[in-house]
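**Student:** build the 3D model from these lines:
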Amino acid sequence: MRFRTTLISTLILATLLPGVIATAQDNPQAFPPDIAAEIQAEMDDLTANGFPPGMVVWIDAPEYQFAGASGFANLMDQMSMPPEGAFRIGSITKMFTATVILQLAEDGTLTLDDPLALWLPEVADQLPYGDQITLHHLLSHTSGVFHYVENEAYYADIFTEVQVDETTGAVTLDCAQRDPNVTLARYVYDQDALFEPGAGWYYSNTNYTLLGMVIEAAANMPLAATYRTQIYEPLGMQSTFLDCYEDAVIDVVHGYSAFGDTMSDVTELHESVGWAAGGLVSTAPDLIAFARGLFSGALFDDPESLVTMTSPTPGGPYGLGMFIQEDYLGHSGAIAGFRSVLHYAPEFDMVVVVLYNIDSADPEQSLAELLNPALTLLSAEE
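**Tutor:** Residues are numbered from 1 along each chain as shown. Model (predicted):
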């Protein structure tokens, strides 16, 4: 039965994957006031310049927790950003999609070596090397499948569909449940492969669109329902949903794009084509819960699933659904109006979530300054 993390399984996982154990935080205390003040000052310096207009930072370590916010959730109303604010998280969604695929593999519903053609034969027939692509190739971005965002028609279509309020400058693209088959036909099928499957590494959202389609075929339910039953409900996540594909469970903070000296509100620009590759809305506390559930192995029955997911792909910086770097595992996200980071640092058993409500500033560029006060303390206590 899934979501059982016994002492035995935890010990096995520790042996298989040294250092990559995210333990539950029973009673974390706040960081010392001076450390918290340094982190908050870094945040306030960033938002004072308007890039981003607002932000959220959560740091969850075994003994300490920081839950902070700065700037505005809504510039027009000067509404302060709440630490529990909801953001579109872009490609962090890929971690959720990969997790469900691994769970289905554990259940015996599919295997990572299954050819795409087994689940989506009509789709595979229209892709270069479609008969050779496996689910593992898709998970690890080694399929060679064209990245639909790089088709010039993709943004041309968005610009054609959006509406701009001439008074406020707000940009709107109504919610739509986009058929992934239409996405593939419009942006992918007529494109050459980047390389033969397994012969290289290239980040492509199309891989995760295909995986979302596989999940729906294998689980026989909508993608949004699989996330909910397989991840949110077991972990007690109450503020996460797939934008446009299910009812919103929380209001999203306002998101912005900067064009020269102009800041445009793009909160209602729903880039729902992202779907399984980038369509989720979530909050920092929910993302902390997800990371803890994932990296503790609690979302899996077999410790080997997490080992497989966190093993780097030869020739690339990626495992299955996450980047594998020297100091952290996790993902970043970018979608209209929002940027996000979810990192797990095994050395300190620390989860970090940084959320921006602008798409033209990169939170990863600020991570060192934001985390330095906390890392200095944690390093001294080791």
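**Student:** next up, phi/psi of the residue nearest to residue 256 when sequence neighbours are not counted, please.
**Tutor:** The shortest distance from residue 256 to any non-neighbouring residue, by C-beta to C-beta, 6 or more residues apart in numbering, is to residue 358 (4.7 Å). Every residue, glycine included, has its C-beta placed from N, CA and C. Phi and psi for residue 358, reported as degrees, to the nearest 10, are phi -150, psi 150.
**Student:** show me what contacts residue 358?
**Tutor:** 51-53, 255-258, 337-339 (C-beta atoms under 8 Å, 6 or more residues apart in numbering).
**Student:** out of those residues, who's nearest residue 352?
**Tutor:** residue 339 (14.1 Å; C-beta to C-beta).
**Student:** would you check how far apart that closest one and residue 102 are?
**Tutor:** According to C-beta to C-beta, to the nearest Å, residue 339 stands 26 Å off from residue 102.
**Student:** show me which of the two is the more surrounded one.
**Tutor:** residue 339 (26 against 23; other C-beta atoms under 10 Å).
**Student:** who touches that one in this structure?
**Tutor:** Counting by C-beta under 8 Å, 6+ apart, residue 339 touches 52, 90, 332-333, 355-356, 358-359, 361-363.
**Student:** mind running it again at 10 Å?
**Tutor:** By C-beta atoms under 10 Å, 6 or more residues apart in numbering, the contact set of residue 339 is 52, 55, 87-90, 255, 332-333, 354-364.
**Student:** find the nearest non-adjacent residue to it, please.
**Tutor:** Distances taken as C-beta to C-beta, 6+ apart place residue 356 nearest to residue 339, at 4.3 Å, with adjacent residues excluded.
**Student:** count of neighbours near that neighbour?
**Tutor:** Neighbour count for residue 356, taken as other C-beta under 10 Å: 28.
**Student:** please report phi then psi for it.
**Tutor:** Dihedral angles for residue 356 - degrees, to the nearest 10 - are phi -120, psi 140.
**Student:** what's across from it in the sheet?
**Tutor:** Residue 356 forms beta bridges with residue 55, residue 339, as assigned by DSSP bridges.
**Student:** contacts only, for it.
**Tutor:** 46-47, 51-56, 71, 87, 255-256, 334, 337-341, 362-363, 366.
**Student:** filter those down to the ones in helices?
**Tutor:** Judged by DSSP state H, the contacts of residue 356 include 46-47 as members of helices.
**Student:** residue 180 versus the most centrally placed residue in the chain, what's the distance?
**Tutor:** By C-alpha atoms, centre = their mean, the chain has its centre lying nearest to residue 92, at 0.6 Å. Between residue 92 and residue 180 the distance is 19 Å, computed by C-beta to C-beta.
**Student:** do the same with residue 80
**Tutor:** From residue 80 to residue 180 the distance is 38 Å (C-beta to C-beta).
**Student:** compare these two (neighbour count), which wins?
**Tutor:** Shown here are residue 80 and residue 180; by other C-beta under 10 Å, residue 180 has more neighbours (22 against 13).
**Student:** pretty sure the more buried one is touching residue 210, no?
**Tutor:** Yes. Here residue 180 reaches residue 210: they are 7.9 Å apart, a contact under C-beta atoms under 10 Å.
**Student:** any residues in contact with both of those two?
**Tutor:** Residues touching both residue 180 and residue 210 (C-beta under 10 Å, 6+ apart) are 120, 123, 188, 276-277.
**Student:** wait, what's in contact with residue 352?
**Tutor:** Residue 352 touches 57-61, 66, 284, 287-288, 291, 328, 330, 341-345, 363, 367, 370-371, 374, counting by C-beta under 10 Å, 6+ apart.
**Student:** next step: those residues restricted to helices.
**Tutor:** Using DSSP H, the contacts of residue 352 in helices are 284, 287-288, 291, 367, 370-371, 374.
**Student:** closest to residue 131 among these?
**Tutor:** Nearest member of the ones in helices among the contacts of residue 352 to residue 131, counting by C-beta to C-beta, is residue 291, at 36.4 Å.
**Student:** quick check: the gap between the closest one and residue 344.
**Tutor:** Taking C-beta to C-beta as the measure, residue 291 and residue 344 are separated by 5 Å.
**Student:** ok, residue 324 next?
**Tutor:** 11 Å.
**Student:** surely residue 101 touches residue 300?
**Tutor:** No. Counting by C-beta under 10 Å, residue 101 does not reach residue 300; the two are 11.7 Å apart.
**Student:** okay, and the common contacts of these two?
**Tutor:** By C-beta under 10 Å, 6+ apart, the residues touching both residue 101 and residue 300 are residue 309.
**Student:** phi, psi of residue 268?
**Tutor:** phi -90, psi 20.
**Student:** residues in contact with the residue nearest to it when sequence neighbours are not counted?
**Tutor:** Once flanking residues are discounted, residue 268 sits nearest to residue 172: 4.3 Å by C-beta to C-beta, 6+ apart. Taking C-beta under 10 Å, 6+ apart, we find residue 172 in contact with 161-165, 265-270.
**Student:** rerun at 7 Å
**Tutor:** 162-163, 268-269 (C-beta atoms under 7 Å, 6 or more residues apart in numbering).
**Student:** wait, is the residue nearest to the centre of the chain part of a helix?
**Tutor:** Yes. Assessed with DSSP: H, G, I helix; E, B strand; the rest coil, residue 92 lies in a helix.
**Student:** and for residue 179, the neighbour number?
**Tutor:** 10.
**Student:** and it, how far from residue 273?
**Tutor:** Here the criterion is C-beta to C-beta. By it, residue 179 lies 10 Å from residue 273.
**Student:** what do you get for residue 319?
**Tutor:** For residue 319 relative to residue 273 (C-beta to C-beta), the value is 25 Å.
**Student:** how about residues contacting stretch 173-180?
**Tutor:** Contacts for stretch 173-180 (C-beta under 7 Å, 6+ apart): 158, 161-162, 209, 212-213, 244-245, 269-270, 272-273, 275.
**Student:** can you name the two of the residues you listed that sit furthest apart?
**Tutor:** Maximum pairwise distance among those (C-beta to C-beta): 26.2 Å, between 162 and 213.
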